[in-house]
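Participant: prediction below, plus the sequence it came from.
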Amino acid sequence: MRVEPTGVSLAVRRGETLMAAAERLGYRWPTICHGQAVCTACHVVLTRDTEAFEPAGPREQAALRLFEGRSYFDGKIVRLACQARPVADTTVTKRGVRAIEPRPERRSPPDR
Amino acid sequence: MTSSKDDLSVREQSGMAVVPGARYTSQAFFDLEMDRLWPRVWQVACREEEVPQAGDFLEYIIGDQSILVVRSDAETIRAFFNACPHRGTRLASGTGSFMTSEIRCRYHAWRWNLDGETVEVVDRHDFPTGLCDDDVRLGEVKVGRWGGFVFVNMDPGCEPFESFLGAIPEVFASYRFEDMRFRSYRTIVFECNWKTAVDAFNEGYHPQGLHPQMLTWYDDTRFVYAQAGRHSLYGEEHARQEMGPSPRLGLSPEDYDEAELLADRIDAVSGLFSRSDRRLLEELQRNGPPAGKTTIEVFNEIRIRAMRDRGYDLTGLTDDQILRNGTMHIFPNLLGPIVHGNATLYRARPNGLDPDSTLLDYWALEWAPEGAEVPPVERKFYEDWTTKDWGLINNQDFGNLVEVTRGMKSRGYRGALLNPVQEANIIHHHRVIDQYLAG
Ligand code: FES
Ligand code: FES
Ligand SMILES: [Fe+2]
């Protein structure tokens, strides 16, 4: 599974959502609701292969309705990465997917 | 279950204000408000344009109290307790106009002029000669006017209107509320306490919970909160100079798509733009900004031009003033987002004597273009808010009112743990209420 424009590639496990896979592999995925199909911030735009994912369930469908009337998404095929489970390899577009940088090691405060 | 007095006051806990749920849910607290707050506080009864002609009246209802607001002459607006001094009959209801410039009781036909002075007590000769006109004049309610709003106060010994308003006229002078007229007027019944409805619009702390969808294009972390006398306000200190999502998303500029942000920003204020503005916006979306300018700069220019084209007089305002937005809360129950040119105001009134029912007046006000004929106010009433689609954000706010109410009634609810910064205006609201209840 490839995520543009950064070109991140993810080995998604069977039955796993796209966002869960990314998080397991150490990437940060944009979210506000942390996977509850509410915030829509995790959305991906599919460029092709709409059948590369399991069909959206009722919760995802409800959230996807929030894209109606948002002119930017006119004619675009959108899925929620926190819900969508890939069944085949494909490429999606999502900005802001980045490897989580290892935290700088904490040093104890110097003695006075 | 009755609550002791202690249950009802705002308590301090670990340096924080904790607001007991009973202040919202208990009949005892509601009755206290009915007794000590509403009869003594200045409150907005209506707008001047609702009683434009001499003889026009409007019935203002708060709880179980009915007040008649009357236009006595071109300059004067008066208010009276809506009760006949004879046997108490309500003198008028709803809105309308008194024929022959007289108020006439339907029961025994006593009459008063538009100043509330007695015109006739029928068969006055039956009464002792000691009965004087003042004994039977209409009971007067005090009136204060600012910004086209008509305030009333039932307490003859109340604080002067000017001291109640305090700094408000100065702080909001540039918004010229007096030049605004109703674009729409809707009243909606909600199953919640009136304060729950006020709270819903009195902080910018909840978008990440209730309106998370807007955070992809809207920075919700920029509000500053301030109290002004009994009242409060919050808003942006400066207009946005860059387009960006909420920092809660943790994205850096290369992580988001300006085109998407711009499209959502345009959608959010789409009602403003004319066809020619739309062409300019499309061009901006297609080709990006011209060299030396940023997308938001061009967008803001188009926005300001659209406001001018709409007939808004923006003289004397800086671009920063024109573009930033804020929320005003006039104690106790009028508040909402305002920008130069228009205001969305919510007025929350107790519905009868039920602590769990609120009449929310939802007013859209707009600067009337100079010389334009303004159509009369059309009021719409919604017994059930779900019968209409109010737009995503309102739907989310409205749907939440009942959820707050239900949760607050839980025996396990320990009181509102308010955010000292972003919910400071809610804490302030409670403290000012307490001043009325105590005094
Ligand atoms: S993470 Fe919020 S909708 Fe997917
Ligand atoms: S997090 Fe604020 S009411 Fe629950
Ligand atoms: Fe809201």
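Facilitator: That came through fine. Ligands and ions are numbered 1, 2, ... in the order given.
Participant: can you list the residues of chain A near chain B?
Facilitator: By C-beta under 8 Å from any C-beta of the partner chain, the residues of chain A that approach chain B are A:28, A:30-33, A:38-41, A:66, A:69-72, A:95-96, A:98. C-beta coordinates here come from the backbone N, C-alpha and C atoms, glycine included.
Participant: just the buried members of those residues?
Facilitator: Neighbour-count burial (16 or more other C-beta atoms under 10 Å in any protein chain shown) is assigned, among these, to A:28, A:30-33, A:38-41, A:66, A:70, A:72, A:95-96, A:98.
Participant: and these near ligand 1, which?
Facilitator: Residues of these in contact with ligand 1 (C-beta under 6 Å from any ligand atom): A:31-33, A:38-41.
Participant: nearest to A:R59, of these?
Facilitator: In terms of C-beta to C-beta, no member of these lies closer to A:R59 than A:V38, at 8.9 Å.
Participant: look up how far A:M19 lies from the closest one.
Facilitator: For A:V38, the distance to A:M19 equals 13 Å [C-beta to C-beta, to the nearest Å].
Participant: sorry, back to before: from the buried ones among the residues of chain A next to chain B, which ones fall inside strands?
Facilitator: In strands, judged by DSSP state E, the following of those are found: A:28, A:98.
Participant: quick one: which of the buried ones among the residues of chain A next to chain B is nearest to B:A45?
Facilitator: Nearest to B:A45 among these: A:L66, at 38.6 Å, using C-beta to C-beta.
Participant: the closest one and B:Q213 touch, don't they?
Facilitator: Yes: assessed by C-beta atoms under 8 Å, A:L66 is found in contact with B:Q213 at 5.5 Å.
Participant: shared neighbours of those two, which are they?
Facilitator: A:40, B:392 (C-beta atoms under 8 Å, 6 or more residues apart in numbering or on different chains).
Participant: so A:A41 sits right up against A:I32, yeah?
Facilitator: Yes: with contact defined as C-beta under 8 Å, A:A41 reaches A:I32; the gap is 5.0 Å.
Participant: what segments of the stretch 301-439 of chain B are helices?
Facilitator: Applying DSSP state H, counting those that start in this stretch to the stretch 301-439 of chain B gives helices spanning B:319-323, B:392-408, B:424-438.
Participant: counting by contacts, list what the longest one packs against.
Facilitator: Yep, that's helix B:392-408 we're talking about. Secondary-structure packing of helix B:392-408 (3 or more C-beta pairs under 8 Å, 6 or more residues apart in numbering or on different chains; DSSP states H and E): helix B:22-25, strand B:180-190, helix B:194-200, helix B:207-210.
Participant: one more time with 6 Å, if that's ok
Facilitator: helix B:194-200 (3 or more C-beta pairs under 6 Å, 6 or more residues apart in numbering or on different chains; DSSP states H and E).
Participant: give me the element B:V18 is part of.
Facilitator: Secondary structure assignment for B:V18, by DSSP states H and E: strand B:16-19.
Participant: let me see the domain layout of chain B.
Facilitator: Taking automatic domain parsing as the reference, chain B has its domains at B:1-42+B:181-237+B:325-439, B:43-157, B:238-323.
Participant: can you tell if the longest one touches ligand 1?
Facilitator: No: where contact is defined by C-beta under 6 Å from any ligand atom, no part of domain B:1-42+B:181-237+B:325-439 touches ligand 1; the two come within 7.0 Å at best.
Participant: find the nearest non-adjacent residue to B:H340, please.
Facilitator: Excluding its sequence neighbours, the residue lying closest to B:H340 (C-beta to C-beta, 6 or more residues apart in numbering or on different chains) is B:I322, at 5.3 Å.
Participant: ok, the one you found touching B:V339?
Facilitator: No: contact between B:I322 and B:V339 fails when scored by C-beta atoms under 6 Å: they sit 7.8 Å apart.
Participant: the residue of the stretch 101-250 of chain B found nearest chain A: neighbour count?
Facilitator: With C-beta to the nearest C-beta as the measure, B:P212 is the residue of the stretch 101-250 of chain B nearest to chain A, at 3.5 Å. Using other C-beta atoms under 10 Å in any protein chain shown, B:P212 has 24 neighbouring residues.
Participant: roughly how far apart are it and B:A228?
Facilitator: Note on B:P212: its distance to B:A228, by C-beta to C-beta, is 31 Å.
Participant: ok, now A:V87?
Facilitator: For A:V87, the distance to B:A228 - C-beta to C-beta - is 59 Å.
Participant: in terms of neighbours, single out the busier of these two.
Facilitator: Under the criterion of other C-beta under 10 Å, the comparison of A:V87 against B:A228 puts B:A228 first, with 19 against 15.
Participant: what sits against whatever residue of the stretch 201-350 of chain B ends up closest to ligand 1?
Facilitator: As assessed by C-beta to the nearest ligand atom, ligand 1 sits closest to B:P212 within the stretch 201-350 of chain B, at 7.0 Å. B:P212 sits next to A:32-33, A:39 when contact means C-beta atoms under 6 Å, 6 or more residues apart in numbering or on different chains.
Participant: okay, those in TSV with pLDDT next?
Facilitator: Formatted as TSV, the contacts of B:P212 follow (pLDDT from 0 to 100):
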residue	pLDDT
A:I32	96
A:C33	96
A:C39	96
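Participant: mind pulling up the pLDDT for A:V78?
Facilitator: Per-residue pLDDT puts A:V78 at 96.
Participant: could you find the closest non-adjacent residue to residue 71?
Facilitator: With no chain named, the answer covers chain A. Once flanking residues are discounted, A:S71 sits nearest to B:A263: 5.0 Å by C-beta to C-beta, 6+ apart.
Participant: you looked at the wrong chain, it should be chain B
Facilitator: B:V51 (4.1 Å).
Participant: tell me how far that neighbour lies from B:D35.
Facilitator: To B:D35, B:V51 is 29 Å away according to C-beta to C-beta.
Participant: more neighbours: those two, which one.
Facilitator: Comparing B:V51 with B:D35 by other C-beta under 10 Å, the one with more neighbours is B:V51, at 22 against 12.
Participant: I'd say that one and B:L58 touch.
Facilitator: Yes: counting by C-beta under 6 Å, B:V51 touches B:L58, with 5.5 Å between them.
Participant: joint contacts of the two?
Facilitator: In contact with both B:V51 and B:L58: B:V69, using C-beta under 6 Å, 6+ apart.
Participant: so for chain B, the centremost residue is which one?
Facilitator: B:L334 (2.8 Å; C-alpha atoms, centre = their mean).
Participant: does that residue touch B:A348 like I think?
Facilitator: No: with contact defined as C-beta under 6 Å, B:L334 does not reach B:A348; the gap is 8.2 Å.
Participant: number of residues surrounding B:E370?
Facilitator: Look at B:E370: counted by other C-beta under 10 Å, it has 9 neighbours.
Participant: mind checking how far it is from B:R181?
Facilitator: Relative to B:R181, B:E370 is positioned 12 Å away (C-beta to C-beta).
Participant: can you tell me how far the most centrally placed residue in chain A sits from B:E366?
Facilitator: In chain A, the centroid-proximal residue (C-alpha atoms, centre = their mean) is A:A81; its distance is 3.6 Å. Counting by C-beta to C-beta, the separation of A:A81 from B:E366 is 41 Å.
Participant: same deal with B:G326?
Facilitator: From B:G326 over to B:E366 the distance is 17 Å, taken as C-beta to C-beta.
Participant: returning to that earlier point: pLDDT wise, what is the residue nearest to the centre of chain A at?
Facilitator: Turning to A:A81, the model gives it a pLDDT of 98.
Participant: what's the separation between it and ligand 1?
Facilitator: Separation of A:A81 from ligand 1 (C-beta to the nearest ligand atom, to the nearest Å): 6 Å.
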